[in-house]
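**Q** make a model of this:
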Amino acid sequence: MRDQQHRLTLILLLGVAAVFRLIGLNNISPPGLEHDEIAHWLINRTILEGQHAIYFTEAYGHEAGYHYLQTAFMALLGDNVLALRLPSAFLGILLVAITYTLSRHLFGKQAALITMAFTAVHFYPIFYSRLALRAISLPVLSGLSAYFWWQWWTKGQGRKTITQLPNYPTTHPPLAPRHSPLATRPPPLATRPSPVFLSALFAGLSLHTYMAARAVPIFYGLFFLYLALFHWQAFKVRWRGVVLFWVIYLVIAAPLLIYLQTNPTAEFRISEIDMPLRELQAGNVRPVLANSLKIAGMFGFRGDPLWRQYVAGQPLFEPVVAILFYAGVLLTVWRWRDGRYAFLLLWLLVSFAPSIATVDAPSTIRLINLLPIFALFPSLVIHSFGHLSTVYIRLSTTMRQFATILLLIFYAGWTGYSIFIIWPQNEEVQFVWQKALTETAGYLDTAPNSGPVAIGGWSPSTMDPPTMQLTLRRDDLDLRYFGSDSETDPINTLILPQAGPGEDIRIFHPTVRPLAPALQTKLAQWGALPQTEATVTHYTVPSNQLSVNSEQPPLSNLQSPNLLLSQSPIIFNNQIQLVNYELLDQALLTIWQVIAPTSEPRRFFVHALNQAGEIIAQHDGLDAPAVYWQSGDIIVQHHPLPTTNAIATYRLGIYNPDTCPPCQNLRTEDGDEFLLLQP
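**A** Presented below is the predicted three-dimensional model:
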């Protein structure tokens, strides 16, 4: 009966873990798609197109392992958000099972059950199980490696010494007592390789998951050294298995190691975040010490400072479990001669290394290899109350179980509130996960009309188009993109797609990324007023307000009282024509019409010149990628420039930024590389 109840409890915990990791996965929490997730999708698309690699250099460099798993889900389920995130969710559920299996093998059923329960309901492992990022695959593989290692190392010692927590005397017995058969002769060759082979296999595969996996071989190196020094009798009869472990590990890791060695610039992202390590190499230990203190305090004082990686500043544990965690760390130090506790202590400390050596500590994503064991520390203390009566107040089993259940219920409730309320409603989270684009896609999916749509965003030339492609469910819309890569400046470029007879032009942009006031004024002149809903502002430009028929240039209805050009449009390279321009206070507004689409990038430049022809101010800009232009599209560009009497002339032109330097300008029909506009 007791075993049946135990199995039912395991099933219940796995069900709870699945609920936390699967519910609302499709853009409820997270509230949209983050750029790193889009980068994963784009890499996966290249795999489906037949481009394979051991290491992908896109998006600052990605190990390939997780991408092939994610690509398999995409091949089965198609291009959608759910297919992108399901691999992480399933890996997160598997991680819960692995923590139980590993903990049970080391410390018995009850400690394993508590560890599993914390892992099932804690925010940390749940959070990374809901993101379409490769990091969650690391603790799964390293946890499997650890389990098979212990399965091999403890084989033949008897279940009691492995699965029960004894009353430890002052001196602790070695892992393999002298009377054990393992102390006199190695196990038969037929049975020895299997678990150690699997341990090395998963350790080697972990290197192909995420950058923090570089700490895994460091951990095993230190742990094997510990075993050789303090458990020599057991180690000397198993040394062949240790050698086999390293051989298999190096064989699996070799392709990636060779690639990175022969392509040293592939990981240039490291040079952007490794300031503490460089300072340490230069003899300055303060950044590393500061990071170490921050990481030590993340479990009960102050956590990850970035909203994109956690609830910013929130420690991993509330005060009660934080005390239990720190007590668990002290317990492992106290019992360090027992290989199980030394294993936990070394795993904990080595997992700190990727965040200690980089900026923004404590970084939960760089500390993600903690996940197989981080809940074991408080669980061991809870489970050990009955065995530590000289240190702790003895509590009855019933009281301990009741208190543990209350803690787990609290964590489940707090995690649910954090995952579905606190975190996704934060403004920074909504910005990073592009909630505005998600809401725009949802609005367009339910809108009855089709026709041209202009989508404003944060990265119109790179991530906005694939974000809409992945999020939008319909394919009958004619989309253009505009926006601004700047986090502080307003949107200075606006594109109005060519509309058919009777069609209105719809424009969307994030409310937190407003249009420049001059663009808002221009839209108001064309009869389009802003409508704000949640995180999105949208305009509808009536079709009868614009004449975008290319057979009728110039656009007479674009005239306004301060328009300075009313002659025929000036054409550049038979691709785009300047329709008009307006001189505003502290700005120049230029209005263009596309004649023919182009696959090359384009940018406008304006130089404000004095009487001597010297540049006293300038502006470059065109945040509407040319690859999406269609004939007849209208582009309105706001050029922020000072208004001063010293300006004698504006020099205006278009160039291809891919040719710089020297920049290749488009020429007018007269062969000029620019125009001179008189103020």
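**Q** count the residues that sit near Asp274.
**A** Other residues near Asp274 number 15, with proximity taken as other C-beta atoms under 10 Å. Yep, even glycine has a C-beta here, placed from its N, CA and C like the rest.
**Q** what's it in contact with, if anything?
**A** Asp274 makes contact with Ala357, Thr358, Val359, according to C-beta atoms under 8 Å, 6 or more residues apart in numbering.
**Q** between the residues you listed, which is nearest Ala327?
**A** The shortest distance between Ala327 and any of the contacts of Asp274, using C-beta to C-beta, involves Ala357 and amounts to 27.8 Å.
**Q** and the closest one, how many neighbours?
**A** Taking other C-beta under 10 Å as the criterion, the count of residues near Ala357 is 22.
**Q** give me the pLDDT for it.
**A** Per-residue confidence for Ala357 comes out at a pLDDT of 95.
**Q** thought it was touching Leu277?
**A** Yes. Taking contacts as C-beta atoms under 8 Å, Ala357 lies within contact range of Leu277: 4.0 Å.
**Q** show me the common contact partners of the two, please.
**A** With contacts taken as C-beta under 8 Å, 6+ apart, Ala357 and Leu277 have Val288 as neighbours in common.
**Q** Leu370: neighbouring residues, count only.
**A** Neighbour count of Leu370, defined by other C-beta under 10 Å: 23.
**Q** how near is it to Gly221?
**A** The span separating Leu370 from Gly221 equals 19 Å under the rule C-beta to C-beta, to the nearest Å.
**Q** and what of Ile323?
**A** 32 Å.
**Q** same question, Glu427
**A** According to C-beta to C-beta, Glu427 stands 44 Å off from Gly221.
**Q** low-confidence stretches in the protein?
**A** Counting by pLDDT under 70, the ranges of the chain that qualify are 1, 156-193, 386-397, 543-567.
**Q** give me the element Ile591 is part of.
**A** With secondary structure defined by DSSP states H and E, Ile591 is part of strand 587-594.
**Q** mind listing residues that contact that strand?
**A** By C-beta under 8 Å, 6+ apart, strand 587-594 touches 498, 516, 518, 522, 548, 550, 553, 555, 558, 569, 575-583, 604, 606, 619, 629-641, 650, 652, 677.
**Q** before we move on, what about stretch 314-333?
**A** For stretch 314-333, contacts defined as C-beta under 8 Å, 6+ apart pick out 118, 122, 124, 297-304, 341-342, 344-345, 348, 374, 376-382, 384, 407, 410-411, 414, 418.
**Q** out of those, which sit inside helices?
**A** 118, 124, 297, 341-342, 344-345, 348, 376-382, 384, 407, 410-411, 414 (DSSP state H).
**Q** please check the residues you listed and keep the buried ones.
**A** 118, 124, 341-342, 344-345, 348, 376-382, 384, 407, 411, 414 (16 or more other C-beta atoms under 10 Å).
**Q** can I see the domain layout of this structure?
**A** The domain map for the chain lists 29-163+180-427, 434-545, 556-677, with the assignment taken from automatic domain parsing.
**Q** export those as CSV, with columns for distance to Leu22.
**A** Compiled in CSV, the domains of the chain are given as follows (distance: least, C-beta to C-beta, whole Å):
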stretch, distance to Leu22
domain 29-163+180-427, 5
domain 434-545, 19
domain 556-677, 35
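**Q** between those domains, which one is nearest to Leu14?
**A** Judged by C-beta to C-beta, the one of the domains of the chain that comes nearest to Leu14 is domain 29-163+180-427, at 6.4 Å.
**Q** in stretch 27-42, what's buried?
**A** 27, 29-42.
**Q** with stretch 448-460 instead?
**A** Going by neighbour count (16+ other C-beta under 10 Å), the buried part of stretch 448-460 is Gly451, Pro452, Val453, Ala454, Ile455, Gly456, Gly457, Trp458, Ser459, Pro460.
**Q** how much space separates the second one from Ala234?
**A** Meaning Pro452. Remark: distance between Pro452 and Ala234 (C-beta to C-beta) = 73 Å.
**Q** same question, the last one
**A** When distances are taken as C-beta to C-beta, Pro460 and Ala234 turn out to be 62 Å apart.
**Q** one more: Gly61?
**A** As judged by C-beta to C-beta, Gly61 and Ala234 stand 40 Å apart.
**Q** these two: which is more packed in?
**A** Higher neighbour count among Gly61 and Ala234: Ala234, with 22 against 17, using other C-beta under 10 Å.
**Q** name the element the more buried one belongs to?
**A** Secondary-structure element containing Ala234, defined by DSSP H and E: helix 232-236.
**Q** which is the next helix or strand following that helix?
**A** Helices and strands here follow DSSP H and E; after helix 232-236, the next one along the chain is helix 239-262.
**Q** re earlier: and which of the buried residues of stretch 27-42 is nearest Val251?
**A** Distance ranking of these against Val251, using C-beta to C-beta, places His40 first at 27.3 Å.
**Q** mind telling me what element the closest residue to Thr471 other than its chain neighbours is part of?
**A** Using C-beta to C-beta, 6 or more residues apart in numbering and skipping residues adjacent in sequence, the residue nearest Thr471 is Ala441, 4.1 Å away. Per DSSP H and E: Ala441 is located in helix 435-446.
**Q** and that helix, what does it pack against?
**A** In terms of contact count using 3 or more C-beta pairs under 8 Å, 6 or more residues apart in numbering; DSSP states H and E, helix 435-446 is assigned the packing partners strand 451-457, helix 464-471, strand 505-510, strand 536-541.
**Q** roughly how far does Pro315 sit from Val329?
**A** Between Pro315 and Val329 the computed distance is 15 Å (C-beta to C-beta).
**Q** if you could redo that for Ile93, that was the one I meant.
**A** For Ile93 relative to Val329 (C-beta to C-beta), the value is 27 Å.
**Q** can you check Ile28 too?
**A** When distance is defined by C-beta to C-beta, Ile28 is 36 Å away from Val329.
**Q** roughly how far apart are Leu652 and Pro460?
**A** 22 Å.
**Q** now do the end-to-end distance for stretch 519-535.
**A** This stretch, stretch 519-535, spans 19 Å end to end (C-alpha to C-alpha, to the nearest Å).
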